[in-house]
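A.B. asks: sequence? don't have it. structure:
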Ligand SMILES: Nc1ncnc2c1ncn2[C@@H]1O[C@H](COP(=O)(O)OP(=O)(O)OP(=O)(O)O)[C@@H](O)[C@H]1O
(Lines give C-alpha, C1' and ligand atoms only; values in the text may rest on other atoms or scores of the structure.)
Protein backbone atom coordinates (compact mmCIF):
# COMPACT_ATOMS: atom_id res chain seq x y z
CA UNK A 1 0.00 0.00 0.00
CA UNK A 2 1.23 3.50 -0.84
CA UNK A 3 -0.66 5.32 1.86
CA UNK A 4 -3.27 4.85 4.50
CA UNK A 5 -4.87 7.75 6.32
CA UNK A 6 -7.11 6.71 9.17
CA UNK A 7 -9.44 9.29 10.75
CA UNK A 8 -6.89 12.02 10.20
CA UNK A 9 -7.58 15.54 11.42
CA UNK A 10 -5.32 18.57 11.48
CA UNK A 11 -5.71 21.68 13.58
CA UNK A 12 -3.85 24.92 12.88
CA UNK A 13 -4.26 28.13 14.84
CA UNK A 14 -7.39 26.76 16.53
CA UNK A 15 -9.12 25.74 13.28
CA UNK A 16 -9.71 22.26 11.90
CA UNK A 17 -8.09 22.39 8.45
CA UNK A 18 -8.58 18.67 7.81
CA UNK A 19 -11.28 16.60 9.47
CA UNK A 20 -11.76 12.82 9.63
CA UNK A 21 -9.83 11.94 6.48
CA UNK A 22 -9.89 8.26 5.53
CA UNK A 23 -7.96 7.53 2.35
CA UNK A 24 -6.05 4.55 0.98
CA UNK A 25 -3.92 4.37 -2.14
CA UNK A 26 -2.83 0.97 -3.40
CA UNK A 27 0.41 0.39 -5.29
CA UNK A 28 0.32 1.69 -8.83
CA UNK A 29 -2.96 3.61 -8.44
CA UNK A 30 -3.10 7.09 -9.93
CA UNK A 31 -5.39 9.64 -8.29
CA UNK A 32 -6.70 13.06 -9.20
CA UNK A 33 -7.50 15.37 -6.29
CA UNK A 34 -9.94 18.18 -6.91
CA UNK A 35 -10.86 20.95 -4.51
CA UNK A 36 -11.73 24.62 -4.44
CA UNK A 37 -9.37 27.24 -3.03
CA UNK A 38 -8.80 26.69 0.68
CA UNK A 39 -10.21 23.13 0.67
CA UNK A 40 -7.07 21.81 2.40
CA UNK A 41 -5.28 20.20 -0.56
CA UNK A 42 -1.87 21.66 0.25
CA UNK A 43 -2.26 20.84 3.95
CA UNK A 44 -3.06 17.24 3.03
CA UNK A 45 -0.04 16.99 0.72
CA UNK A 46 2.21 18.46 3.42
CA UNK A 47 0.99 15.74 5.72
CA UNK A 48 1.88 13.04 3.19
CA UNK A 49 5.42 14.43 2.99
CA UNK A 50 5.68 14.53 6.81
CA UNK A 51 5.94 18.32 6.92
CA UNK A 52 2.78 18.33 9.08
CA UNK A 53 1.81 15.75 11.69
CA UNK A 54 -1.83 14.91 12.28
CA UNK A 55 -3.50 16.33 15.35
CA UNK A 56 -5.64 13.19 15.44
CA UNK A 57 -5.61 9.88 13.57
CA UNK A 58 -2.82 7.96 11.91
CA UNK A 59 -0.87 8.53 8.69
CA UNK A 60 1.05 5.66 7.09
CA UNK A 61 3.03 6.46 3.95
CA UNK A 62 5.13 3.83 2.17
CA UNK A 63 4.76 1.51 5.16
CA UNK A 64 6.02 4.04 7.68
CA UNK A 65 3.65 5.20 10.33
CA UNK A 66 4.29 8.84 11.14
CA UNK A 67 5.11 9.36 14.79
CA UNK A 68 6.12 5.70 15.20
CA UNK A 69 8.72 4.77 12.56
CA UNK A 70 11.69 7.05 11.91
CA UNK A 71 11.23 9.26 8.86
CA UNK A 72 13.70 11.41 7.07
CA UNK A 73 15.62 11.80 3.85
CA UNK A 74 15.15 8.20 2.83
CA UNK A 75 11.35 8.52 2.83
CA UNK A 76 11.46 11.95 1.22
CA UNK A 77 13.53 10.48 -1.61
CA UNK A 78 10.78 7.93 -2.24
CA UNK A 79 8.23 10.73 -2.59
CA UNK A 80 8.70 13.00 -5.59
CA UNK A 81 6.91 16.32 -5.31
CA UNK A 82 6.40 19.10 -7.80
CA UNK A 83 4.88 22.18 -6.17
CA UNK A 84 5.25 25.95 -6.16
CA UNK A 85 6.97 25.71 -2.75
CA UNK A 86 9.74 23.55 -4.22
CA UNK A 87 10.06 25.91 -7.18
CA UNK A 88 10.58 28.91 -4.89
CA UNK A 89 13.34 27.13 -2.97
CA UNK A 90 15.51 26.19 -5.96
CA UNK A 91 18.54 28.21 -6.98
CA UNK A 92 17.43 30.04 -10.08
CA UNK A 93 21.00 30.34 -11.39
CA UNK A 94 21.37 26.54 -11.55
CA UNK A 95 20.95 25.02 -14.98
CA UNK A 96 18.04 22.72 -15.79
CA UNK A 97 20.53 19.83 -15.84
CA UNK A 98 21.91 20.67 -12.37
CA UNK A 99 18.39 20.96 -10.98
CA UNK A 100 17.43 17.55 -12.37
CA UNK A 101 20.66 16.01 -11.01
CA UNK A 102 20.04 17.44 -7.53
CA UNK A 103 16.88 15.28 -7.43
CA UNK A 104 19.11 12.25 -6.92
CA UNK A 105 20.06 13.64 -3.50
CA UNK A 106 16.67 15.22 -2.71
CA UNK A 107 18.68 18.40 -2.10
CA UNK A 108 18.30 22.02 -3.10
CA UNK A 109 21.52 22.69 -5.01
CA UNK A 110 24.28 20.18 -5.78
CA UNK A 111 26.67 19.52 -2.90
CA UNK A 112 27.59 15.91 -3.56
CA UNK A 113 29.39 14.56 -6.59
CA UNK A 114 26.95 12.79 -8.89
CA UNK A 115 27.93 9.37 -10.21
CA UNK A 116 28.12 8.60 -13.94
CA UNK A 117 24.87 6.67 -13.62
CA UNK A 118 23.16 9.71 -12.13
CA UNK A 119 24.43 11.94 -14.94
CA UNK A 120 23.21 9.49 -17.51
CA UNK A 121 19.82 9.20 -15.85
CA UNK A 122 19.44 12.98 -15.63
CA UNK A 123 20.14 13.27 -19.36
CA UNK A 124 17.72 10.50 -20.16
CA UNK A 125 14.97 12.18 -18.08
CA UNK A 126 15.66 15.55 -19.68
CA UNK A 127 15.14 13.88 -23.04
CA UNK A 128 12.03 12.03 -21.95
CA UNK A 129 10.44 15.15 -20.54
CA UNK A 130 11.36 17.11 -23.66
CA UNK A 131 13.83 19.43 -21.87
CA UNK A 132 17.08 18.40 -23.50
CA UNK A 133 17.16 21.47 -25.75
CA UNK A 134 17.45 23.79 -22.75
CA UNK A 135 19.38 21.53 -20.36
CA UNK A 136 22.17 24.10 -19.95
CA UNK A 137 19.95 27.14 -19.62
CA UNK A 138 19.54 28.58 -16.12
CA UNK A 139 16.23 27.88 -14.41
CA UNK A 140 15.52 31.61 -14.13
CA UNK A 141 15.42 31.95 -17.91
CA UNK A 142 12.95 29.13 -18.49
CA UNK A 143 9.24 29.60 -19.24
CA UNK A 144 6.65 28.30 -16.76
CA UNK A 145 5.98 25.23 -18.90
CA UNK A 146 9.69 24.46 -19.27
CA UNK A 147 10.18 24.83 -15.51
CA UNK A 148 7.41 22.38 -14.74
CA UNK A 149 8.98 19.80 -17.04
CA UNK A 150 12.38 20.25 -15.39
CA UNK A 151 10.78 19.84 -11.95
CA UNK A 152 9.03 16.65 -12.99
CA UNK A 153 12.31 15.28 -14.37
CA UNK A 154 13.98 16.21 -11.05
CA UNK A 155 11.29 14.47 -9.04
CA UNK A 156 11.82 11.24 -11.02
CA UNK A 157 15.59 11.06 -10.42
CA UNK A 158 15.22 8.96 -7.26
CA UNK A 159 12.66 6.51 -8.76
CA UNK A 160 9.92 7.59 -6.34
CA UNK A 161 7.14 5.24 -5.29
CA UNK A 162 4.82 8.21 -5.02
CA UNK A 163 4.83 11.27 -7.28
CA UNK A 164 2.81 14.28 -6.14
CA UNK A 165 2.00 16.88 -8.77
CA UNK A 166 0.49 19.91 -7.05
CA UNK A 167 -1.30 22.04 -9.64
CA UNK A 168 1.44 21.51 -12.24
CA UNK A 169 -0.47 23.34 -14.98
CA UNK A 170 -0.75 26.63 -13.08
CA UNK A 171 0.22 29.54 -15.26
CA UNK A 172 0.48 27.53 -18.47
CA UNK A 173 -1.16 28.55 -21.73
CA UNK A 174 -3.56 26.13 -23.44
CA UNK A 175 -0.93 24.52 -25.63
CA UNK A 176 1.73 24.15 -22.91
CA UNK A 177 -0.92 22.75 -20.59
CA UNK A 178 -2.11 20.13 -23.07
CA UNK A 179 1.48 19.15 -23.88
CA UNK A 180 2.32 18.77 -20.20
CA UNK A 181 -0.84 16.72 -19.58
CA UNK A 182 0.13 14.45 -22.46
CA UNK A 183 3.56 13.94 -20.88
CA UNK A 184 1.97 13.16 -17.50
CA UNK A 185 -0.38 10.64 -19.11
CA UNK A 186 2.62 9.01 -20.78
CA UNK A 187 4.56 8.93 -17.47
CA UNK A 188 1.63 7.31 -15.69
CA UNK A 189 1.64 4.51 -18.23
CA UNK A 190 5.38 4.01 -18.49
CA UNK A 191 6.08 4.01 -14.73
CA UNK A 192 3.34 1.75 -13.37
CA UNK A 193 5.29 1.26 -10.14
CA UNK A 194 5.07 4.98 -9.31
CA UNK A 195 1.68 6.11 -8.02
CA UNK A 196 0.71 9.63 -8.99
CA UNK A 197 -1.42 12.11 -7.05
CA UNK A 198 -2.38 14.93 -9.38
CA UNK A 199 -3.89 17.97 -7.70
CA UNK A 200 -5.94 20.39 -9.74
CA UNK A 201 -8.72 22.96 -9.70
CA UNK A 202 -9.86 21.95 -13.16
CA UNK A 203 -12.14 19.01 -13.92
CA UNK A 204 -11.02 18.90 -17.57
CA UNK A 205 -7.47 18.05 -16.44
CA UNK A 206 -8.57 14.67 -15.08
CA UNK A 207 -6.80 12.43 -17.57
CA UNK A 208 -7.84 8.86 -18.42
CA UNK A 209 -4.84 7.54 -16.43
CA UNK A 210 -6.42 8.84 -13.20
CA UNK A 211 -8.78 5.98 -12.50
CA UNK A 212 -9.57 7.33 -9.05
CA UNK A 213 -10.63 10.80 -7.96
CA UNK A 214 -10.86 12.43 -4.55
CA UNK A 215 -13.03 15.50 -3.97
CA UNK A 216 -11.90 17.62 -1.04
CA UNK A 217 -14.23 20.25 0.39
CA UNK A 218 -13.71 22.40 3.50
CA UNK A 219 -11.18 19.94 4.93
CA UNK A 220 -13.44 16.89 4.44
CA UNK A 221 -13.41 14.16 1.84
CA UNK A 222 -16.61 14.85 -0.05
CA UNK A 223 -16.18 11.71 -2.17
CA UNK A 224 -13.36 9.36 -3.21
CA UNK A 225 -13.94 6.58 -5.71
CA UNK A 226 -13.51 5.47 -9.31
CA UNK A 227 -13.32 8.57 -11.50
CA UNK A 228 -16.33 7.51 -13.55
CA UNK A 229 -18.41 7.39 -10.35
CA UNK A 230 -17.18 10.78 -9.17
CA UNK A 231 -16.97 12.91 -12.29
CA UNK A 232 -20.70 12.97 -13.00
CA UNK A 233 -23.15 15.86 -13.33
CA UNK A 234 -24.92 14.73 -10.16
CA UNK A 235 -21.89 14.39 -7.86
CA UNK A 236 -20.16 17.55 -9.10
CA UNK A 237 -23.37 19.62 -8.87
CA UNK A 238 -23.56 18.61 -5.19
CA UNK A 239 -19.85 19.25 -4.72
CA UNK A 240 -19.82 22.73 -6.26
CA UNK A 241 -23.29 23.57 -4.95
CA UNK A 242 -24.44 24.72 -8.39
CA UNK A 243 -26.01 22.81 -11.25
CA UNK A 244 -23.30 21.66 -13.66
CA UNK A 245 -23.25 19.30 -16.59
CA UNK A 246 -20.32 16.98 -17.30
CA UNK A 247 -19.66 15.85 -20.87
CA UNK A 248 -16.93 13.50 -22.04
CA UNK A 249 -14.90 14.07 -25.20
CA UNK A 250 -12.00 11.76 -26.06
CA UNK A 251 -12.09 10.28 -22.55
CA UNK A 252 -11.65 13.75 -21.00
CA UNK A 253 -14.41 15.44 -19.00
CA UNK A 254 -15.57 19.02 -19.54
CA UNK A 255 -17.85 20.84 -17.18
CA UNK A 256 -20.33 23.64 -17.81
CA UNK A 257 -22.86 25.49 -15.69
CA UNK A 258 -26.45 24.58 -16.54
N1 LIG B 1 -0.02 26.71 8.75
C2 LIG B 1 -1.28 27.15 8.76
N3 LIG B 1 -1.76 27.87 9.77
C4 LIG B 1 -3.03 28.33 9.77
N5 LIG B 1 -3.93 28.11 8.79
C6 LIG B 1 -3.49 27.39 7.74
C7 LIG B 1 -2.17 26.86 7.65
N8 LIG B 1 -2.04 26.19 6.50
C9 LIG B 1 -3.23 26.28 5.89
N10 LIG B 1 -4.12 27.00 6.62
C11 LIG B 1 -5.54 27.29 6.26
O12 LIG B 1 -6.13 26.04 5.95
C13 LIG B 1 -7.03 26.16 4.85
C14 LIG B 1 -6.63 25.19 3.74
O15 LIG B 1 -5.44 25.67 3.13
P16 LIG B 1 -4.70 24.91 1.94
O17 LIG B 1 -3.57 25.78 1.53
O18 LIG B 1 -4.41 23.52 2.33
O19 LIG B 1 -5.85 24.93 0.81
P20 LIG B 1 -5.76 24.51 -0.73
O21 LIG B 1 -6.89 23.54 -0.97
O22 LIG B 1 -4.40 24.04 -1.05
O23 LIG B 1 -6.11 25.87 -1.46
P24 LIG B 1 -5.60 26.46 -2.89
O25 LIG B 1 -6.34 25.69 -3.93
O26 LIG B 1 -6.07 27.87 -2.82
O27 LIG B 1 -4.11 26.32 -2.96
C28 LIG B 1 -6.99 27.62 4.43
O29 LIG B 1 -8.08 28.28 5.01
C30 LIG B 1 -5.67 28.13 5.02
O31 LIG B 1 -5.73 29.49 5.32
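C.D. replies: Everything's here; your move. It should be emphasised that the depicted structure is a prediction, and the values quoted were computed from it without experimental measurement. Numbers count the residues shown, from 1 in each chain.
A.B. asks: Just give the closest residue to residue 41, not the sequence neighbours.
C.D. replies: Once flanking residues are discounted, residue 41 sits nearest to residue 35: 4.8 Å by CB to CB, 6 or more residues apart in numbering. Glycine gets a C-beta too; all of them are placed from N, C-alpha and C.
A.B. asks: Quick check: buried residues in stretch 6-26?
C.D. replies: Using 16 or more other CB atoms under 10 Å as the test for burial, stretch 6-26 gives 6, 8, 9, 10, 16, 17, 18, 19, 21, 23, 25.
A.B. asks: my bad, should have said stretch 174-194
C.D. replies: Within stretch 174-194, the residues scored as buried using 16+ other CB under 10 Å are 176, 177, 180, 181, 183, 184, 187, 188, 194.
A.B. asks: before we move on, what about stretch 86-106?
C.D. replies: Result for stretch 86-106 [16+ other CB under 10 Å]: buried residues 87, 90, 94-106.
A.B. asks: The ligand: which of these is nearest?
C.D. replies: residue 87 (14.0 Å; CB to the nearest ligand atom).
A.B. asks: Stretch 135-147 - what's its average pLDDT?
C.D. replies: Averaged across stretch 135-147, the pLDDT comes to 92.
A.B. asks: my bad, should have said stretch 209-228
C.D. replies: Averaged over stretch 209-228, pLDDT sits at 97.
A.B. asks: quick one: terminal-to-terminal distance for it?
C.D. replies: Terminal residues of stretch 209-228 are spaced 12 Å apart (CA to CA, to the nearest Å).
A.B. asks: Then stretch 241-253?
C.D. replies: Length of stretch 241-253, first residue to last, CA to CA: 19 Å.
A.B. asks: Look up how far residue 243 lies from the residue nearest to residue 41.
C.D. replies: Noted for residue 35: a distance of 20 Å to residue 243, by CB to CB, to the nearest Å.
A.B. asks: ok, residue 103 touching residue 158?
C.D. replies: Yes: taking contacts as CB atoms under 8 Å, residue 103 lies within contact range of residue 158: 6.1 Å.
A.B. asks: Identify the contacts common to the two.
C.D. replies: Common contact partners of residue 103 and residue 158 (CB atoms under 8 Å, 6 or more residues apart in numbering): residue 80.
A.B. asks: So which of the buried residues of stretch 6-26 are in strands?
C.D. replies: Secondary structure from DSSP state E places 6, 8, 9, 10, 16, 17, 18, 19, 21, 23, 25 of the buried residues of stretch 6-26 in strands.
A.B. asks: before we move on, the earlier item: nearest to the ligand, of the buried residues of stretch 174-194?
C.D. replies: residue 177 (16.9 Å).
A.B. asks: Find me the pLDDT at the nearest residue to the closest one once chain neighbours are set aside, would you?
C.D. replies: Residue nearest to residue 177 in three dimensions, not counting chain neighbours: residue 169, with 4.6 Å by CB to CB, 6+ apart. You'll see residue 169 listed with a pLDDT of 92.
A.B. asks: any idea which helix or strand carries residue 169?
C.D. replies: Under the criterion DSSP states H and E, no helix or strand holds residue 169.
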